[in-house]
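# how would this look folded up:
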Amino acid sequence: MTETFNISKTASQQLVANSVTKDFQDLVEAQDFKVPDGYHVANALQEAVATLPTVKGITSVSADSIKKTLFDMVVQGLSPAKTQVYFIAYGNQLQMQRSYFGTQQVLKRLKDIKDIQAYVVRKDEEFDVDYDENGGLIVKAHHTDFMKLDNEIVGAYAVITKADGEKQYEVMTKKQIDTSWGQARTTNVHKKFPEEMAKRTVINRAAKNIINTSGDDDNLIAAINSTTANENKYDDEPKDVTPAPKQNALSRMAKVATKEPEKVEPEPTEKVSEPEPEPAPKQDVISDAELPFNDETELPEEPVKSAPDQVDSENTVAEIKYWLDQHHMLYQQSATKAQLLERVADYLNEQETNPDEEIDMGDTPYQPDEFWG
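Numbers count the residues shown, from 1 in each chain. Alright, predicted model coming up:
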């Protein structure tokens, strides 16, 4: 099973579930692997394969990767129905991560562990630690009250009760927890669920020595360590690994068509010398630089005797407006000089194109099929 296939199809789901069931049965029969009491392999697999189509990027995941992940799940005796695991697709690989509850459940399967609990320590809580006679760090007291339950997390600790009744503690400061989280590629899920993730981190650390020195089944230990490694590397929400769609010729043309047309500046024209008009009576005129050019302020009109043949930035606002009026070009009364000159440019551009000129299409009529190939 090395091909990428559609896990959303019932036939594919059944194929994977049957394959994992067979491998697990072989493990039980050949190596006398112990199935946890009350754990139903078939139910857990059916729940898992039904969940997989909702995983983002699952269509890119290989069948072998799905099979290995589900096999590790049933070996650890976990079930997605109890929110003990969740799945994440990275490229063509499916990764499984345990929740805090899943980590609790799987560690209780170890022979040396009777129970394991984790707690977070919040700011202003009474928390007292000390060293025992063997140099081990122990928690002597932890007291809180209702008004402190929303305070920021400053640490966490785990209490492991061994089969012989001995208690083992693991204490981590917030700085140590953050350092551990820093090994993950991203920390989005840590920020969203800091309490659960802090508990899981301190439990994993507390159980590390016990796991690697236990006499439990090697298959179980390997599955636990594999999932823990995934948690360190891939602690994050599902990522979209779908490749971007390729653009065809039509989409590229449409994209080009949506670009805004470039503004065409009017070509400079030589001014024709004309006799200077008689000077108009002196008036108090506000210069362009002094005017607040906005839509709420009307520009002062200046007297114009006759429309100049050409206008540019050296002409006054009144002269440019008069020129536009003579050429039947519309404009806003509150337009600035720059805006008025744009309307002049629009008129000149229109005049450069002869509307009656026919485009020579040749003797061959237009063939759409030939254009699109």
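# what sits against the nearest residue to S62 once chain neighbours are set aside?
What sits nearest to S62 in space, not counting adjacent residues and going by C-beta to C-beta, 6 or more residues apart in numbering, is N92, at 5.0 Å. For every residue, glycine as well, the C-beta is placed using N, CA and C. Going by C-beta atoms under 8 Å, 6 or more residues apart in numbering, N92 touches 4, 60-62, 65.
# Which pLDDT does the model give N92?
The confidence metric pLDDT takes the value 89 at N92.
# Same question for F193.
pLDDT recorded at F193 is 85.
# swap in P243?
Per-residue pLDDT puts P243 at 40.
# Please apply the same query to E274.
At E274, the model reports a pLDDT of 53.
# what's the answer for A289, then?
Residue-level confidence at A289 comes out at 47, pLDDT.
# low pLDDT regions in the chain?
Across the chain, the stretches falling below the confidence threshold (pLDDT under 70) are 1-5, 184-188, 231-307, 352-373.
# Specify the next element, helix or strand, located C-terminal of the lengthiest helix in it.
Using DSSP state H, we find that the single longest helix of the chain is helix 10-31. Next helix or strand after helix 10-31 toward the C-terminus (DSSP states H and E): helix 41-51.
# what angle do the helix or strand following that following helix and helix 10-31 make?
If you walk from helix 41-51 toward the C-terminus, the next helix or strand you reach (DSSP H and E) is helix 63-75. With axes from the mean of the first three to the mean of the last three C-alpha atoms, to 10 degrees as the basis, helix 63-75 and helix 10-31 are set at 50 degrees to each other.
# Begin at 117 from now on, thanks
All set: I'll call the first residue 117, so the last point we hit is now helix 179-191.
# Would you mind pulling up the elements that helix 179-191 packs against?
helix 126-147, helix 157-167, strand 209-214, helix 334-350 (3 or more C-beta pairs under 8 Å, 6 or more residues apart in numbering; DSSP states H and E).
# Quick check: which helices or strands does the longest one pack against?
Which is helix 126-147. When contacts are defined as 3+ C-beta pairs under 8 Å, 6+ apart, helix 126-147 packs onto helix 157-167, helix 179-191.
# and among the ones you listed, the most buried is which?
Here the criterion is mean neighbour count by mean count of other C-beta atoms under 10 Å, and of the helices and strands packed on helix 126-147 the winner is helix 179-191, at a mean of 22.
# in whichever helix or strand comes after that one, what's buried?
Toward the C-terminus, helix 179-191 is succeeded by strand 201-206 as the next helix or strand (DSSP H and E). Applying a neighbour-count criterion of 16 or more other C-beta atoms under 10 Å, the buried positions in strand 201-206 are 201-206.
# so can I have a markdown table of the residues you listed showing distance to T289?
Supplementary listing: these in a markdown table, determined by distance: C-beta to C-beta, whole Å:
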| residue | distance to T289 |
| --- | --- |
| V201 | 28 |
| Y202 | 28 |
| F203 | 32 |
| I204 | 28 |
| A205 | 34 |
| Y206 | 30 |
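# Can you tell me which of those residues is nearest T344?
Distances from the buried residues of strand 201-206 to T344 were compared by C-beta to C-beta; the smallest belongs to V201, at 12.6 Å.
# give the contact list for the nearest residue to Q209 once chain neighbours are set aside.
Spatial nearest neighbour of Q209, excluding adjacent residues (C-beta to C-beta, 6+ apart): S181 at 4.9 Å. Taking C-beta under 8 Å, 6+ apart as the definition of contact, the neighbours of S181 are 208-210.
# Nearest to Y155 among those?
The nearest one, if we look at the contacts of S181 relative to Y155 and count by C-beta to C-beta, is L210, at 21.3 Å.
# follow-up on the earlier one: pick out whichever of the buried residues of strand 201-206 sits closest to K264.
Proximity of these to K264 (C-beta to C-beta) peaks at Y202, which lies at 30.2 Å.
# you'd agree the closest one is up against S215?
Yes. Under the criterion of C-beta atoms under 8 Å, Y202 makes contact with S215 at 6.9 Å.
# all strands of the stretch 267-416 of the chain, in order?
Using DSSP state E, counting those that start in this stretch, the strands of the stretch 267-416 of the chain run over residues 269-278, 283-289.
# Buried deepest among these, which one?
Each of the strands of the stretch 267-416 of the chain was scored by mean neighbour count; the highest is strand 269-278, a mean of 20, by mean count of other C-beta under 10 Å.
# neighbouring strands for that one, and are they parallel or not?
Each strand that strand 269-278 pairs with, and the sense of that pairing, follows from DSSP bridges: strand 229-238 (antiparallel), strand 283-289 (antiparallel).
# hmm, back to that, possible to save the strands of the stretch 267-416 of the chain as a markdown table with distance to V165?
Shown next, in a markdown table, are those (distance: least, C-beta to C-beta, whole Å):
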| stretch | distance to V165 |
| --- | --- |
| strand 269-278 | 33 |
| strand 283-289 | 36 |
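# Minimum distance to I319: which of the ones you listed has it?
strand 269-278 (4.9 Å).
# Just the CA trace of that closest one, in CSV.
As requested, the backbone C-alpha atoms of strand 269-278 are provided in CSV (Å, rounded to 0.1, in the frame of the first residue of the first chain):
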residue,chain,number,x,y,z
ILE,A,269,0.3,29.7,34.4
VAL,A,270,3.8,29.8,36.1
GLY,A,271,4.6,26.1,36.1
ALA,A,272,3.3,22.5,36.2
TYR,A,273,4.0,19.3,37.9
ALA,A,274,3.2,15.6,37.6
VAL,A,275,2.6,13.0,40.3
ILE,A,276,3.3,9.4,39.3
THR,A,277,2.1,6.7,41.7
LYS,A,278,4.1,3.5,41.1
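# I appreciate the help and will end here.
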